[in-house]
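1. Quick one, what's the 3D model for this:
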Amino acid sequence: MSDPYETTEAHLDRLLGRALNSFDLPDRLVERLGTALAHSSSLCTTHHNPAAGVWRETRRHTYLLADGGSVSLWELSYRPAGDGAVRHEVFTSKAETCLAVARLFGESAAGAAPDPVPLAGEEEPHGDPAAFGALFATPAPAARHREYVVEESADHARRVLRRAENADRPGERVAALLRAAYAHHITQAFGTRQALPNGRDAGFNLYEHAFVLLDGTELSLWEVEHTATPDGRHMCEVYESEAAARGAMEFRARVG
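-> The predicted model follows:
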C-alpha cells in the first residue's frame, strides 16, 4: 500500500530505486519526471497461480509534471516460482509490460494465457446417452493461469448472481463472500451447439468467473448460458462448481 503522505519526489525515488531495470528508462524521461508535482497509483492487474507458486501484479503510476503534461510508468511486481523474493521492473507502456510478462512467464505478448479447456464446437452427438456425458463431462484438472482485472469486481459478481435463473444457484453465503471481491477474470471454458431430443438445436456456453477476495483467497462462479428452453430463449444458470455446471448442461441437453 502506498503512503498517502508520501511526497511525489519520495514516491518516484522509491519506485526507481526498487526497479531492477530503471537504468533502461530514457534519460529525457527521467529528467521530466524530476519536475513531477503530484502522483497517483492504481492496481491494474493481479495474477495468482498457487500451484506453481507464481504471483505478480501490475500497477500504473501517473505523474503530473510542471509543464502541465503527465507521464505514466507501469510497474511489474512479481515473485518467480520457487523464489520468495518480490522483484520489480518498470516500463513506459503497457505493451512493454506485456512483453516482460511473456519473457518472464512464457505467456503471449498480449498477456493472456490460452483457454484451459478447448471449445467443443464441432461435436453434435445424436441419441446416444453416453455421448452426452462425454461431451459435457468435467475434464481432468489443469493448471489455469489467470490475469485478474481490478475493476468493480464485487459489482460484477452481483450482476452474475442476479441474472442466474436456476433455483439451486449460489445463495447468500457465497454472495456475502463476493462482496469482498476486488479483482476478477472471465474465461470461456466450453462452447458448442447441440441437437436436442426434440430435433431443435441449442447453444451451450460455459464461463468461469474467477474472483480474488480481500484476504487473497480465490472463488469461482460457473455460468451456463444456453438456449435449451421450451421457447428457445436465452437462459443463464450459475453454479458453485464446474462439475455442477456441466451436469446442468447435460441435463438440459437430454430433456430439451
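
2. helix or strand for T192, which one?
-> Element membership of T192 [criterion: DSSP states H and E] is strand 181-195.

3. Centre of the chain to the helix or strand following that strand, how far?
-> As assigned by DSSP H and E, the chain's next helix or strand after strand 181-195 is strand 201-213. Relative to its chain's centre, strand 201-213 lies at 12 Å (Cα atoms, centre = their mean, to the nearest Å).

4. got it, and stretch 234-246?
-> Worked out by Cα atoms, centre = their mean, stretch 234-246 lies 18 Å from the chain centre.

5. coming back round to it: quick one: mean pLDDT over the strand holding T192.
-> Strand 181-195 comes out with an average pLDDT of 85.

6. Return the set of buried residues in it.
-> By 16 or more other Cβ atoms under 10 Å, the buried positions in strand 181-195 come out as A181, Y182, A183, H184, H185, T187, A189, F190, G191, T192, Q194. From N, CA and C alone the C-beta is placed, and that goes for glycine too.

7. Of the residues you listed, which is the nearest to V212?
-> Closest approach between the buried residues of strand 181-195 and V212, by Cβ to Cβ: A183, at 4.3 Å.

8. Please name the residues that touch the residue nearest to the closest one when sequence neighbours are not counted.
-> With Cβ to Cβ, 6 or more residues apart in numbering as the criterion, A183 has its nearest non-adjacent residue at 3.8 Å, and that residue is Y148. Applying Cβ atoms under 8 Å, 6 or more residues apart in numbering, we find Y148 in contact with T45, T46, H47, H48, A183, H184, H185, A210, V212.

9. Same check on M249?
-> F136, F190, F204, L206, V224, H226.

10. For the closest residue to the second one other than its chain neighbours, name its beta-bridge partners.
-> When the adjacent residues along the chain are set aside, F190 lies closest to L206, with 3.9 Å between them (Cβ to Cβ, 6+ apart). When assigned by DSSP bridges, L206 has beta-bridge partners F190, V224.

11. cool, W55 as well?
-> For W55, the beta-bridge partners under DSSP bridges are H48, R79.

12. measure it to G171 for me?
-> 31 Å (Cβ to Cβ, to the nearest Å).

13. Between these two, which is the more surrounded one?
-> W55 (17 against 10; other Cβ atoms under 10 Å).

14. Surely that one and R79 touch.
-> Yes: using Cβ atoms under 8 Å, W55 is in contact with R79, at 4.6 Å.

15. quick check: angle from the helix or strand where S42 lies to strand 181-195?
-> Element membership for S42 (DSSP H and E) is strand 38-49. Per axes from the mean of the first three to the mean of the last three Cα atoms, to 10 degrees, the angle that strand 38-49 makes with strand 181-195 is 50 degrees.

16. How far away from the center of its chain is strand 38-49?
-> A distance of 14 Å separates the centroid of the chain from that of strand 38-49, by Cα atoms, centre = their mean.

17. who does A210 bridge with?
-> Under the criterion used (DSSP bridges), A210 bridges to H185, S220.

18. so who does it touch?
-> R144, R146, Y148, H184, H185, I186, T187, E218, L219, S220.

19. Same check on E218?
-> Per Cβ under 8 Å, 6+ apart, neighbours of E218: H48, P50, A210, F211, V212.

20. biggest separation within those, which pair?
-> In those, two members sit farther apart than any others by Cβ to Cβ. They are P50 and F211, at 14.6 Å.

21. And those two? Which one has more around it.
-> F211 (23 against 10).

22. Thought L219 was touching that one, still the case?
-> Yes: judged on Cβ under 8 Å, F211 makes contact with L219 at a distance of 5.1 Å.

23. now the helices for the stretch 101-250 of the chain?
-> Counting by DSSP state H, counting those that start in this stretch, the segments of the stretch 101-250 of the chain that form helices are 129-136, 153-162, 172-178, 242-255.

24. Does the third one pack against any helices or strands, and if so which?
-> This means helix 172-178. With contacts taken as 3 or more Cβ pairs under 8 Å, 6 or more residues apart in numbering; DSSP states H and E, helix 172-178 sits against helix 153-162, strand 201-213, strand 218-226.
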